[in-house]
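Enquirer: What follows is a protein structure lacking sequence information:
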């Protein structure tokens, strides 16, 4: 039995900061100190602390250390582990926990509630035993032994959870469409093709708590009558694929996947399908095409996947975060879930804070929180004393929010009224030193790169938008260009084939709406921020 | 000419997988380094899917390539979260150090320079990926120093 556990966050962020060599050094030094039998070093998922180097936590004391370097390893061992004295210069005091703690000293702690991320950074994601010890697979056991499939579905419906992939369609209703289809063959797909710029929540859920996703998928399978699921993971996410593969194998060994789970008549198994690099495969019908071994081009809808999906069979496609919520809803009930968040948008939402913000990273907060609370209280504001220009919520297809939206409660309905959406939960904060036209160009370049090319409005529309913007930053723009951009963007929103093409012009229109004078300044030959080509050309001419 | 017999083995390994084309192409590319016409033709014959369809798949996904690339592939992100943290300056510096535009390969075959879509490492933006290794919190100088390291070692970075 180990007296102490040291958890080292091992995700792509921390690995790029040297977490692996710290772990190796820690293991080696513990052995030298004769503590190998007392202290166990465990790799865990993201601890939600970024930009602070290698992060580790010592349990049972729950002391977090950040910025740990090779030379600190022996000090942590000799001071903390042997003498019981915390190494204060490395300690991080700003850590959220499983429950919201009112009156806690730090906003980063008190404003967060961890439902989806309750295990991330707490358990070893490579150990099914640790997941089980934290109520894992209890919801599945309860469902299979005490509930009918209809009751499972009704509970999810009653929770009013909306899908966390970006469209916020009610999950229970979606399941109902597939449940009523009479087919021996149905599928559950977990959409882990996360590619929306600024988003990395799904990766950290997969890497931090893969069994929660497996359990959610099995519950979905039971509710709709499916016996096979696929986790479609982005090909670039090597660690997520490895962790999920291991988790699936462990679940099979424990009889939690496979035939007659919990001695019931329900059988369900899972396989991983890897993407091969295509943003559009996050669109559910394109994803299905990709699993079928084809180009990931979106299908015509209707029919929708719950009726005609993978290999023509009824298929539920749910996002990672959605599925990770399901076990908690079954275990604690719809009423508990609805006590979180707002009336029309229950539950929590995982956000990734990125861009010009002091404290970037992953947070989980109740729906209805304001932008100001996220940016200034949790995110510790904007670096270098710069001002807030705008936030883009939901990735590159997300709407634009400005100063006037800082106190708007972030929920599905309130955002919709403001002409924005929650999307993938990426929150890009942009400070006032950035050139807005250059930023919009970056958005459009992304879509030029990622358009699948199947429809003219998206393929050509984005290309023409980029031309107009390039003209503007080259000082060759004409007065009617802004009107042309608006006309084109509106046509794309109405006429593009899929959700991606329709959403692509949203940030362009948002910026034109709120920052029109900045486009006009560029047409007149000046760039406020002095960052785009226009500025460079002006400098050269002077 | 490549020895194409490995292709048959790869296809055989996926005999039990429904619609395995993308997996087959991944493994074939791993074996041969690219998906040339000659290679795709063999895949088409063995897997019984029209060559036109297979070519369509091979050219659709960014992780597949139909042409030979450099020993190290440098993938830079210029999506909005990296952009607002200064990725353009990093990219310009890399371009001028390597003497390459996007999509090009150095004459000595050491580096290919490409864009990548968001790698989800935005909290340490700007980022680039060299082969399978990710580097964050880049500055123009730091990025070039990393590439110099690759050039010196001539081998993959640990």
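Expert: Done, it's in. Because the structure is predicted, anything quoted here is derived from the model rather than measured.
Enquirer: which residues sit against the longest helix along chain B?
Expert: Counting by DSSP state H, the longest helix found in chain B is helix B:140-153. Contact with helix B:140-153 is made by B:72, B:74, B:89-90, B:92-94, B:97-98, B:110-111, B:128, B:130, B:135, B:156-157, as judged by CB atoms under 8 Å, 6 or more residues apart in numbering or on different chains. Heads up, the C-betas are built off the backbone N, CA and C, glycines and all.
Enquirer: farthest pair in those residues?
Expert: Among the contacts of helix B:140-153, the pair separated by the greatest distance (CB to CB) is B:89 and B:156, at 26.5 Å.
Enquirer: neighbour count winner among these two?
Expert: Using other CB atoms under 10 Å in any protein chain shown, the more surrounded residue of residue B:89 and residue B:156 is residue B:89, with 15 against 12.
Enquirer: now that one, nearest residue through space, not along the chain?
Expert: If the residues on either side of it in the chain are set aside, residue B:89 comes closest to residue B:140, at 5.2 Å by CB to CB, 6 or more residues apart in numbering or on different chains.
Enquirer: tally of neighbours for the one you found?
Expert: 18.
Enquirer: which helices and strands sit right next to the helix or strand harbouring residue A:464?
Expert: Assigned by DSSP states H and E, residue A:464 falls within helix A:456-473. Here helix A:456-473 touches helix A:436-450, helix A:481-495, helix A:499-503, helix A:516-523, helix A:533-541, going by 3 or more CB pairs under 8 Å, 6 or more residues apart in numbering or on different chains; DSSP states H and E.
Enquirer: Quick one: mean pLDDT for the fourth one?
Expert: Throughout helix A:516-523, pLDDT has a mean value of 95.
Enquirer: Same question for the third one.
Expert: Over the span of helix A:499-503, the pLDDT mean works out to 93.
Enquirer: following it, which helix or strand comes up?
Expert: helix A:506-514.
Enquirer: how about residue B:92, what does it touch?
Expert: residue B:140.
Enquirer: What of residue A:201?
Expert: Residues counted as contacts of residue A:201 (CB under 8 Å, 6+ apart) are A:194, A:320-321, A:350-352, A:362, A:424-425.
Enquirer: Check residue A:516 too.
Expert: The contact partners of residue A:516, taken as CB under 8 Å, 6+ apart, are residue A:482.
Enquirer: how near is it to residue A:523?
Expert: To residue A:523, residue A:516 is 11 Å away according to CB to CB, to the nearest Å.
Enquirer: ditto for residue A:536
Expert: 17 Å.
Enquirer: higher neighbour count, those two?
Expert: Using other CB under 10 Å as the criterion, residue A:536 and residue A:523 rank with residue A:523 on top: 19 against 13.
Enquirer: That one contacts residue A:477, correct?
Expert: Yes - between residue A:523 and residue A:477 there is a contact at 4.7 Å, judged by CB atoms under 8 Å.
Enquirer: tell me the SS of residue 57?
Expert: I went with chain A, as the question did not name one. Three-state call for residue A:57 (DSSP: H, G, I helix; E, B strand; the rest coil): strand.
Enquirer: actually chain B
Expert: Assignment for residue B:57 (three-state DSSP): helix.
Enquirer: and it, what does it touch?
Expert: Applying CB under 8 Å, 6+ apart, one finds that residue B:57 lies in contact with A:293-295, B:21-22, B:25, B:64.
Enquirer: Residue A:494: neighbour count?
Expert: By other CB under 10 Å, 9 other residues sit near residue A:494.
Enquirer: Let me know the pLDDT of it.
Expert: Residue A:494 is given a pLDDT of 96.
Enquirer: same check, this time on residue B:155
Expert: At residue B:155, the model reports a pLDDT of 51.
Enquirer: Could you find the closest non-adjacent residue to residue A:423?
Expert: Nearest residue to residue A:423 in three dimensions, chain neighbours excluded: residue A:394, at 1.9 Å (CB to CB, 6+ apart).
Enquirer: which residues touch that neighbour?
Expert: Going by CB under 8 Å, 6+ apart, residue A:394 touches A:166, A:196, A:420-426.
Enquirer: how about 10 Å then?
Expert: By CB atoms under 10 Å, 6 or more residues apart in numbering or on different chains, the contact set of residue A:394 is A:166, A:196, A:198-199, A:351, A:415, A:420-428, A:503, A:506-507.
Enquirer: Name the helix or strand for residue A:190, please.
Expert: Per DSSP H and E, residue A:190 falls inside strand A:187-192.
Enquirer: Over that strand, what's the mean pLDDT, rounded is fine.
Expert: On average, strand A:187-192 scores 98.
Enquirer: nearest residue to the residue nearest the centre of chain A other than its sequence neighbours?
Expert: In chain A, the residue lying closest to the centroid (CA atoms, centre = their mean) is residue A:201, at 2.5 Å. Spatially, and ignoring its direct neighbours in sequence, residue A:201 is nearest to residue A:350 (4.4 Å; CB to CB, 6+ apart).
Enquirer: domain ranges for the chain?
Expert: By default, I'm working from chain A. Recorded structural domains for chain A (assignment: automatic domain parsing) are A:4-93, A:128-337, A:348-431, A:436-541.
Enquirer: To clarify, I was referring to chain B.
Expert: B:5-58, B:72-153.
Enquirer: hmm, the least confident helix or strand in chain B by mean pLDDT touching chain A?
Expert: Here the helix or strand of chain B ranked lowest by mean pLDDT, DSSP states H and E is strand B:133-135, holding a mean of 86. Yes - shown here: strand B:133-135 in contact with chain A (CB under 10 Å from any CB of the partner chain) through B:133-135.
Enquirer: Which elements pack onto that strand?
Expert: Under the contact criterion of 3 or more CB pairs under 10 Å, 6 or more residues apart in numbering or on different chains; DSSP states H and E, strand B:133-135 touches helix A:12-15, strand B:72-77, strand B:128-130, helix B:140-153.
Enquirer: Show me where chain A has its strands.
Expert: Counting by DSSP state E, one finds strands in chain A at the ranges A:4-9, A:39-44, A:56-59, A:63-65, A:91-92, A:187-192, A:228-233, A:269-274, A:315-319, A:348-355, A:361-366, A:388-393, A:399-401, A:426-431.
Enquirer: Could you export the ones you listed as TSV, including mean neighbour count and distance to residue A:150?
Expert: Below are those laid out as TSV (neighbours: other CB atoms under 10 Å in any protein chain shown; distance: least, CB to CB, whole Å):
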stretch	mean neighbour count	distance to residue A:150
strand A:4-9	22	40
strand A:39-44	20	37
strand A:56-59	21	41
strand A:63-65	22	44
strand A:91-92	14	47
strand A:187-192	26	17
strand A:228-233	23	20
strand A:269-274	19	23
strand A:315-319	27	16
strand A:348-355	27	27
strand A:361-366	24	29
strand A:388-393	25	36
strand A:399-401	25	38
strand A:426-431	27	36
